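Asker: here is the input, now give the coordinates:
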Amino acid sequence: MLTSHLIKHFEEKFSLNIKSIKALSGGDINGVYFLDDHNKKYVVKINKAHLFPGMFKKEMSGLDALRETGTIDVPKVLGYGDFETTAYLIVEFRESGKASHKFWELFGQAMAALHLTTHETFGFKEDNYLGSLQQYNNSFETASQFFIHQRLMPQFKMASDKGYVFKELDSFCQKVEQLIPNEPPALIHGDLWSGNYLVNSQNKPCLIDPAVAYAPREMDLAMMKLFGGFDDRLFSAYDEAFQLKPDWKKRIKLWQLYYILAHLNIFGGHYYIQAKEIMSNYQ
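Answerer: Below is the predicted model:
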């Protein structure tokens, strides 16, 4: 909840003159509010400062990394910080537009351009978050080693601590190592489901709420296919701009395993069965 003291803090620290405030839907673990300043409009995300240490600073780093590529619209961060017991992040508000008949092609081309942003190694300058879970970004030379050691194994460890049993992980990881192509690292959004993009006022895609890393580019595409909401024209345009490996669709479920394990560790339930079914396809 935005208190009067917190609002005054925003006005003093960021030279704002807030005229109105409105709660927004869509916040999963954070409270989300619209702020109408006399000059600009913003979105503020808040949470208890002790719950997810450094989350908003890391989110700012991810947003900055995506925006600095100049390949796709990403809101600029006004600032982040802690005030009393509340952590916050303030970003530019994006007015909504309407997806034009070329929207999906533009989205696919923009994602391809984003993924052409590369790095010497897989990983990122810091660990960050996938939802409420810590996401690890230590440096690795190959896509398979990064995916195994920084994505799958931390989730398997967490699931095991919660009582979920996964057998023959060593042989599974050996199989994974053989399946993953050795492509260069790509800057990925990292959590690109349909709730993490907007159609902006120019009728173009805008990315929000990232979990970035220099990672296998197919991870973004697999996440986009996990819960739906992305037109096939996007993937066709992507492939035309940055050609995918001919067998990339065979790995979709493999990449999705990371996100399913994360959902298992957050929500439990049927995600355990789903994770084991995915693994059975690659054993």
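Asker: what helices or strands is the strand or helix carrying residue 252 leaning on?
Answerer: Using DSSP states H and E, residue 252 sits within helix 252-267. Under the contact definition 3 or more C-beta pairs under 8 Å, 6 or more residues apart in numbering; DSSP states H and E, helix 252-267 sits against strand 133-135, helix 153-161, helix 218-226, helix 271-280. Any C-beta I mention is one placed from the backbone N, CA and C, and that applies to glycine too.
Asker: can you check what angle separates the third one from helix 252-267?
Answerer: It refers to helix 218-226. Interaxial angle, helix 218-226 versus helix 252-267 (axes from the mean of the first three to the mean of the last three C-alpha atoms, to 10 degrees): 70 degrees.
Asker: so after helix 218-226, what's the next helix or strand?
Answerer: helix 232-241.
Asker: angle of that next one against helix 218-226?
Answerer: Angle between the axes of helix 232-241 and helix 218-226 is 160 degrees (criterion: the same axes, to 10 degrees).
Asker: now helix 232-241 - C-alpha only, PDB.
Answerer: The C-alpha trace of helix 232-241 is given here as PDB (Å, rounded to 0.1, in the frame of the first residue of the first chain):
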ATOM      1  CA  ASP A 232       3.000 -17.900 -35.100                       C
ATOM      2  CA  ARG A 233       3.800 -14.900 -37.300                       C
ATOM      3  CA  LEU A 234       6.200 -13.800 -34.600                       C
ATOM      4  CA  PHE A 235       8.200 -17.000 -34.800                       C
ATOM      5  CA  SER A 236       8.300 -17.000 -38.600                       C
ATOM      6  CA  ALA A 237       9.500 -13.400 -38.700                       C
ATOM      7  CA  TYR A 238      12.100 -14.200 -36.100                       C
ATOM      8  CA  ASP A 239      13.400 -17.200 -38.100                       C
ATOM      9  CA  GLU A 240      13.700 -15.000 -41.200                       C
ATOM     10  CA  ALA A 241      15.700 -12.400 -39.400                       C
END
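Asker: check the offset of it from the chain's centre.
Answerer: Helix 232-241 sits 20 Å away from the centroid of its parent chain (C-alpha atoms, centre = their mean, to the nearest Å).
Asker: same question for that helix, mean pLDDT?
Answerer: Averaged across helix 232-241, the pLDDT comes to 98.
Asker: sorry, back to before: who's in contact with the helix holding residue 252?
Answerer: Helix 252-267 is contacted from outside by 130-133, 147, 151-152, 155-156, 158-159, 162, 164, 176, 179-180, 216, 218-219, 221-223, 225-226, 271-272, 274-275, 278-279, 281-282, using C-beta atoms under 8 Å, 6 or more residues apart in numbering.
Asker: thinking again about what came up before, go through the helices and strands packed on helix 252-267 and pick out the most buried.
Answerer: Highest mean neighbour count among those (mean count of other C-beta atoms under 10 Å): helix 218-226, with a mean of 23.
Asker: before I go, just wanted to say thanks for your time.
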